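> Predicted model and sequence below, questions to follow.
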Amino acid sequence: MSEMQRESPYPMVSVEEALQIVMAHVSPLGVEEVDAFTADGRLLAQPIAAPFAIPDLPKAAMDGYALRAADGMQPRRVVGELAAGSAPSLSLQPGEAVRIMTGSPMPLGADTMLPVELTMEQDGYVTLQQMPRTDDYLHTVGQDVTAGAAVLAVGTRLGIAEIGLLATFGITRVAVYRRPRVAVLATGDEVYEPGVPRPVGAVYDSNRYALLAAAREAGCETVALGIARDTLEVQREAILRGLDQADLLLTSGGVSMGTRDLMKPLLAELGKVYFGRVAFKPGKPTTFATVGGKLVFGLPGYPVSSLVSFEVFVRPALRALQGDTDPWRPRARVSLTSPLKPSADRPEYQRVIVHVQDGRLFATTTGGQGSSRLLSLLGANALIFVPPGRQPYPAGTELEAMLTGPLRSV
């Protein structure tokens, strides 16, 4: 067994420097064409322009009568009826009106309409209760979208409205950035698969399943690589197997200073390590490397450290890989509802619940902030950035928070 290291060979980098290094190695993956109507969450790789105007013809905004404004208030002879979807085959002459339904194209010669509640029809004639004016109660050509207008930009995330718009234009296939395929590997002799007998002192593998879920939430496809025991040969094979199947590899554990912490030496052997320590808490030993041009993040073994490091460093990279032009979680200034104790030497991302009250944002701690206490993430919708210090930050202090979920209201 090798001797335990007394000092890390990797210099400490700031969170900002670490993020700059990571994002400098990230660019969108390839482009693929997919079915537009099942492309929820995908990001457009090509812009979409309107192939035609909406509406493409003048259309009735309500049920009523199509008219000529120049005929004034005189009664009109009703000469026909048009329903939505009808072709505008009728031609309106002076003194005539056409019964028309919502969404129907206006007949030729008509330049206005009145809704049915402002009219009275009897013996084939319609009388008016309001002076008609040109374009009243009409949807005019291009009122919603003009032909050729840019409607969806590159990098747009396809959601409910976007997919509805594509359907409106009859667009059934779209070019989107490929989703990253993320492989997740757990390491450690003490780590066991949930559901099997667990020896005394061992732990079940929560990190791999939590990281797989986090990668899926970020819009990725995932590959579970299982658990690699603490030998160089086993972990080397697992790393290479993961990189062979995926665009990006996440490992959990094995990045600290113990004799069985093999991940950093292996990544240095197989590729290049860009940083191995970050000046923040929790997650100081977070590691970033490339192997064969693919990204590898070595995350700490403590559950909270692993997931916080994922939020701060990995998630933005995953979003950028799939073409997101703004891959960052939203940030906001929040007021503390109770004192927060900082770390003495490093900035810390503490887990909090942010709620809205009287138009202001308030943050409440989720309790003990230990790296192993996964309960501190339960219910949290933000990570609050707590600068280092010797004295607690009192209630009412305003700090910056990274919002990871919907805000609560009180």
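Arrived safely, thanks for sending.
> Which residue ranges of the stretch 301-410 of the chain form strands?
Applying DSSP state E, counting those that start in this stretch to the stretch 301-410 of the chain gives strands spanning 331-336, 348-357, 360-365, 382-386, 398-403, 408-409.
> now those strands in TSV, with distance to residue 49, mean pLDDT and mean neighbour count?
Where C-beta positions appear, they are placed from N, C-alpha and C, glycine not excepted. Converted to TSV, the strands of the stretch 301-410 of the chain look like this (distance: least, Cβ to Cβ, whole Å; pLDDT from 0 to 100; neighbours: other Cβ atoms under 10 Å):
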stretch	distance to residue 49	mean pLDDT	mean neighbour count
strand 331-336	33	97	16
strand 348-357	38	96	20
strand 360-365	39	96	18
strand 382-386	38	97	23
strand 398-403	33	98	17
strand 408-409	39	84	10
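> Nearest to residue 127, out of the ones you listed?
Evaluated with Cβ to Cβ, the strands of the stretch 301-410 of the chain place strand 408-409 nearest to residue 127, the distance being 52.6 Å.
> The closest one packs against which elements?
strand 348-357 (3 or more Cβ pairs under 8 Å, 6 or more residues apart in numbering; DSSP states H and E).
> which residues are contacting the strand it packs on?
280-282, 304, 308, 311-312, 332, 334, 340, 342, 361-366, 369, 376-377, 379-386, 388, 401-403, 407-410 (Cβ atoms under 8 Å, 6 or more residues apart in numbering).
> and with 6 Å instead?
For strand 348-357, contacts defined as Cβ atoms under 6 Å, 6 or more residues apart in numbering pick out 281, 308, 334, 361-366, 369, 376-377, 379-384, 386, 401, 407-410.
> Ok, stretch 324-340 next?
So stretch 324-340 is contacted by 43, 155, 316, 319-320, 354, 361-364, 386, 392-398, 400-404 (Cβ under 6 Å, 6+ apart).
> okay, now residue 52: neighbour count?
Around residue 52 there are 15 other residues, counting by other Cβ atoms under 10 Å.
> ok, now residue 285?
There are 25 residues near residue 285, going by other Cβ under 10 Å.
> Residue 253 and residue 189: what is the separation?
Computed as Cβ to Cβ, to the nearest Å, the residue 253 to residue 189 distance reads 10 Å.
> Who has more neighbours out of the two?
Using other Cβ under 10 Å, the more surrounded residue of residue 253 and residue 189 is residue 253, with 28 against 12.
> which residues touch the more buried one?
Contacts of residue 253 by Cβ under 6 Å, 6+ apart are 187-188, 301.
> Give the closest residue to it in space, chain neighbours not counted.
residue 301 (3.4 Å; Cβ to Cβ, 6 or more residues apart in numbering).
> Tell me the spacing between that neighbour and residue 83.
In terms of Cβ to Cβ, residue 301 sits 67 Å off from residue 83.
> higher neighbour count, these two?
More crowded of residue 301 and residue 83, by other Cβ under 10 Å: residue 301, with 24 against 11.
> Helices of the protein, start to end?
Applying DSSP state H to the chain gives helices spanning 15-24, 160-168, 207-217, 232-245, 263-270, 303-309, 315-321.
> Most tightly packed of these?
A comparison of these by mean neighbour count, using mean count of other Cβ atoms under 10 Å, puts helix 303-309 on top with a mean of 26.
> Got phi/psi on the residue at the greatest distance from the centre of the chain?
Of all residues in the chain, residue 123 has its C-alpha farthest from the mean position, at 59.9 Å, by Cα atoms, centre = their mean. Per-residue torsions, residue 123: phi 50, psi 40 (degrees, to the nearest 10).
> That one and residue 328: what is the separation?
Using Cβ to Cβ, residue 123 is found at 68 Å from residue 328.
> Likewise for residue 129?
Residue 129 is 57 Å from residue 328, by Cβ to Cβ.
> where does the stretch 201-350 of the chain have low pLDDT?
257, 259 (pLDDT under 70).
> and if we set it to 90?
Within the stretch 201-350 of the chain, the stretches with pLDDT under 90 are 201, 254-261.
> same check, this time on the stretch 1-150 of the chain
For the stretch 1-150 of the chain, residues meeting the criterion pLDDT under 90 lie at 1-9, 83-90.
> any idea what sits nearest residue 291, other than its immediate chain neighbours?
residue 271 (3.4 Å).
> just residue 13 next, same as before
residue 275 (4.8 Å).
> What are the neighbouring residues in contact with that neighbour?
Counting by Cβ under 6 Å, 6+ apart, residue 275 makes contact with 13, 18, 288.
> can we see that at 8 Å?
10-11, 13, 17-18, 21, 286-288.
> With residue 375 instead?
366-368 are the contacts of residue 375 under Cβ under 8 Å, 6+ apart.
> can you do 10 Å?
Shown in contact with residue 375 (Cβ atoms under 10 Å, 6 or more residues apart in numbering): 303-304, 351, 366-368.
> and what of residue 306?
186, 206-208, 210-211, 214, 250-253, 255, 282-283, 286, 297, 299-300, 314, 371, 374.
> repeat for residue 323
By Cβ under 10 Å, 6+ apart, the contact list for residue 323 reads 27-29, 31, 42-45, 154-157, 176-179, 219.
> Chain neighbours aside, what residue packs nearest to it?
residue 177 (3.4 Å).
> what does stretch 79-87 contact?
57, 59-60, 63, 65-66, 88-93, 95-107, 110, 124.
> quick check, distance from stretch 166-176 to the centre of its chain.
When distances are taken as Cα atoms, centre = their mean, to the nearest Å, stretch 166-176 is centred 20 Å away from the chain's centroid.
> Which positions in it come out as buried?
166, 169, 171, 174, 176 (16 or more other Cβ atoms under 10 Å).
> biggest separation within the residues you listed, which pair?
Spatial extent of the buried residues of stretch 166-176 (Cβ to Cβ) is set by the pair 169 and 176 at 16.4 Å.
> picking that back up, distance of the residue nearest to residue 13 from residue 111?
Residue 275 sits 69 Å away from residue 111, going by Cβ to Cβ.
> Pull the number of nearby residues for residue 85.
So residue 85, with other Cβ under 10 Å, has 9 neighbours.
> That concludes my questions; thank you for your assistance.
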